[in-house]
Every structure is written in C-alpha cells, then in structure tokens.
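[1] Generate a structure from the sequence data that follows.
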Amino acid sequence: MTPALNVDALIGDPQIRIIVCCGAGGVGKTTTAAALGLRAAESGRHVVVLTIDPARRLAQSLGLTTLDNTPRPVSGIDESGGGSLDAMMLDMKRTFDEVVEAHSTAEKAEQILANPFYQAVSSSFAGTQEYMAMEKLGQLRLEADRDPDNPRWDLIVVDTPPSRSALDFLDAPKRLGSFLDGRFIRILTAPAKVGGRAYIKVFSVGVNAVTKTLTKVLGGQMLNDVQTFVAALDTMFGGFRKRADHTYALLSDSSTTFIVVAAPERDALREAAYFVDRLDEEEMPLAGLVVNRMYRVSAPGLSAARALGAAEELGDLDNCGGSGDTDSDFGGTAITIGLLRMHAVQAEIAARHESLAKRFAAGHPDIPLVEVPAASGDIHDLDGLRAVGAALA
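    Got it, this is the predicted structure:
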C-alpha cells in the first residue's frame, strides 16, 4: 500500500530547513509552494518562499502587487503561532550582479557590469537561471544561519522553473566546472591576458586559426568583449565553483527535502516519474509526490455509465409523455437530464484521474503520495492557499 505524504509532519519538523517543489510546467508547483509556505508560517515557522516562475502567480495568490529579488513580508497571515512569511521572485540578472559586486573590487565590478557580453550572459545565457537559483538559495540559507539563536527564516520553500529544466540546477556545478576548465575559455582568456604581438608568439598556429574564425563569426568587437569579460571575471571563477558545490551539498543534506508535484495526466505523471528517478540517482532526499487537481464527484457511487443510462431513460419517458405534460415537468426533466450528463462527464474524468494515480503508485510503491482535489476556481488569495494547504495535509 502506498504511504501517505504527511505534510504537517514535514513542515513541522525543525530539522527540515529547505523544501524544493519540482515538476513539469502547469501542474501547480507555484500554488503548492505558496500553500506549503503559508501553512508552515501559520503553524509557527519563519518561512521565505522563493519562486523562479516568471508568471508572477505567487505574488497574486499572496496578495502582493509585485515580487522581486528582495524577500518581502506577506500581510494577512495568522501570526498567533509566532510564525512569519516572506516571499520573493528570482531576478536572474540582479542576482548575477550581486555576486559580481560581492566578490570583486568596486573597480572590477564596474568593469564587468558595463561589459556588453556580461549584460547578455547575465540575462539570457542558457543555464544562467539554474545557476543563479542556486546562488540565491545559498544566499538565503547564509542569511538564515547568520544568527542561529534568532534566525530570520527557519524554512526556505523553493518553487522551481516550469519545465524539466527544474532539475538542471543539480547539474550546475558540474557544467560550471566544465565551462571554466574548457579549452574555449582558455583560448578566450589568454589573448586578453597576453595581448598584442606577444599573443602571436606564445600561441600555436592552431589557436590563432581558432581566434580568427571566432573573429569572423562573432566580429572583432564581440570577441574583444568576450575576452575582456572572461579576463575580468577570472578571479571570481573559483568562488563560483566553490559556492555552487556548497549549494549542491546543501541540496543533498538531510535538512533539505524535495516534493515532486504532478497533475493526474499521463504526460505530467511521466515527467514526475523522471523527477523521482533523477532525484534517486542523485541521492537527493525525496519527501513524496503531490498529485494536484484530482477530480472528485459529489455522488461517487453513481458511475458515468449509470448516469448516462438514467439520462437516456428520462429522455425516453419524456418523449413518450410519461413524465407529465406541464411546462414545469418538462423543464424539471430537462434540468435533471443535463445534471446527469454533466455528472457522467465528471465521473469519467474522476475515474481516469484515479486510475492514473493508482498506476503511478503501483510503479513507485515506496513514494509517499497525497492527492489534492481540483479547486472550483483559480487560487488568487490567502484563503484559497489555506484551502490547498488543508487538502495537502
């Protein structure tokens, strides 16, 4: 039998300091992260929720007009338990800027921040978002640990990007190390360090040919911008790798746990299986699976087939005049038939959802699981998040 995911025990455990919500896009990760954060805060934890979802749904559901790279308090929560709730959204470029400013001199930082290649890399380079998410998580944990006796936060809830790339941050340290140690970087760095005719004497004809090719492809000014950027950032590379490795170790620590979020659809559950397997491969701590938006029917004993059968019988009786000949009888019968057919559609969806969830559970019998019923509308306020939190628990 599949064990149930005990969310209240999870958020109530003071040893759990980081909860990472991951899953495919459109399955409700942002809502789940916000609901977990709110429920934890109202149970007495000091929580910060970090979203990496650019859709800004988290701000709306928490009643904030905007979210940015600075944690901001959420008002309207029940503070009787002594907890608090802050929320923020990752600003990829601003986080990169903060790293540059914190780990270089003022003069060097100004040079890097003004570099055109840096401005492009810091806002759009593939993998930058995942790496900066790790940077921001590390910063939040560092700030939380700054005063162990009175920490600003004792729980960080992370809402990851809305795609399979949500797990790309697990590869960030490895990719970063390969990038920094790669031949391409060495080729780019050396011309900026050596410069002029000395470069021709030092480097082989092969390297010179590569640089000429790059100049043709990128243009002389672009190549110069890249070389200047790499040379300026060279002193920070070791710090980048060290911090990335530290955050990776933090993710695999016993104080961190992952929650995989899915919807009761084939593709979403297939993605969830990928996340579960990948986390197991990386030996990351997995708390369990949340299956969002499960359909439920008010009369579970009435199957779709029986509802359709009853609707057809009423229709036949009505056609034969067996239901009476008044307008009120006709209208009442039509409404009943419509309700039965609507129930049949919902019952069919509910049965499919239940079958898919059971199939996933059968394939992963050791993964704790909780099902969250579909809400009647969009979640856009704290009351809606409280309802989701109650369903999670």
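
[2] Would you map the strands across the protein?
    Along the chain, the stretches classed as strands by DSSP state E are 18-22, 46-51, 72-73, 84-89, 155-159, 256-262, 286-294, 369-373.

[3] In JSON lines: these, plus distance to Ala4.
    Backbone N, C-alpha and C define where each C-beta goes, glycine included. JSON lines is the format used below for the strands of the chain (distance: least, C-beta to C-beta, whole Å):
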{"stretch": "strand 18-22", "distance to Ala4": "17"}
{"stretch": "strand 46-51", "distance to Ala4": "23"}
{"stretch": "strand 72-73", "distance to Ala4": "33"}
{"stretch": "strand 84-89", "distance to Ala4": "26"}
{"stretch": "strand 155-159", "distance to Ala4": "20"}
{"stretch": "strand 256-262", "distance to Ala4": "14"}
{"stretch": "strand 286-294", "distance to Ala4": "8"}
{"stretch": "strand 369-373", "distance to Ala4": "6"}
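
[4] TSV please, covering these and showing mean neighbour count and mean pLDDT.
    Output for the strands of the chain, formatted as TSV (neighbours: other C-beta atoms under 10 Å; pLDDT from 0 to 100):
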stretch	mean neighbour count	mean pLDDT
strand 18-22	26	94
strand 46-51	26	94
strand 72-73	14	92
strand 84-89	23	93
strand 155-159	27	94
strand 256-262	25	96
strand 286-294	23	96
strand 369-373	19	95
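
[5] low-confidence ranges in the stretch 201-350 of the chain?
    201-241, 299, 316-331 (pLDDT under 70).

[6] got a list of what the closest residue to Val291 other than its chain neighbours touches?
    Leaving out its chain neighbours, the residue that sits closest to Val291 by C-beta to C-beta, 6 or more residues apart in numbering is Glu371, at 4.8 Å. For Glu371, the contact set (C-beta atoms under 8 Å, 6 or more residues apart in numbering) comprises 264, 291, 294, 357.

[7] wait, the last one sits on Ala263?
    No: counting by C-beta atoms under 8 Å, no contact exists between Ala357 and Ala263, whose distance comes to 10.1 Å.

[8] so what sits against both of those two?
    Taking C-beta under 8 Å, 6+ apart as the contact rule, Ala357 and Ala263 both touch 269, 291.

[9] Pick out whichever of those two has more residues nearby.
    The neighbour comparison of Ala357 against Ala263 (other C-beta atoms under 10 Å) goes to Ala263, with 24 against 19.

[10] ok, that one touching Gly25?
    No: counting by C-beta under 8 Å, Ala263 stays clear of Gly25, with 10.2 Å between them.

[11] Closest to the centroid, which residue in the chain?
    The residue lying closest to the centre of the chain (C-alpha atoms, centre = their mean) is Thr160, at 1.7 Å.

[12] returning to that earlier point: just the closest of the contacts of Glu371 to Ile16, please.
    Val291 (21.3 Å; C-beta to C-beta).

[13] What residues does the closest one make contact with?
    Contact analysis of Val291 by C-beta under 8 Å, 6+ apart lists 262-264, 269, 357, 360, 369-372.

[14] Same question for Leu356.
    Neighbouring residues of Leu356 by C-beta under 8 Å, 6+ apart: 264-266, 269.

[15] how close does it sit to Ala307?
    With distances taken as C-beta to C-beta, to the nearest Å, Leu356 is found 21 Å from Ala307.

[16] before we move on, what about Arg278?
    Separation of Arg278 from Ala307 (C-beta to C-beta) stands at 41 Å.

[17] sorry, back to before: mind putting the contacts of Val291 into CSV with distance to Leu314?
    Output for those, formatted as CSV (distance: C-beta to C-beta, whole Å):
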residue, distance to Leu314
Ala262, 38
Ala263, 34
Pro264, 31
Leu269, 37
Ala357, 33
Phe360, 38
Leu369, 39
Val370, 38
Glu371, 33
Val372, 34
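
[18] Which one of those is nearest to Ala390?
    Among the contacts of Val291, and counting by C-beta to C-beta, the member closest to Ala390 is Val372, at 9.7 Å.
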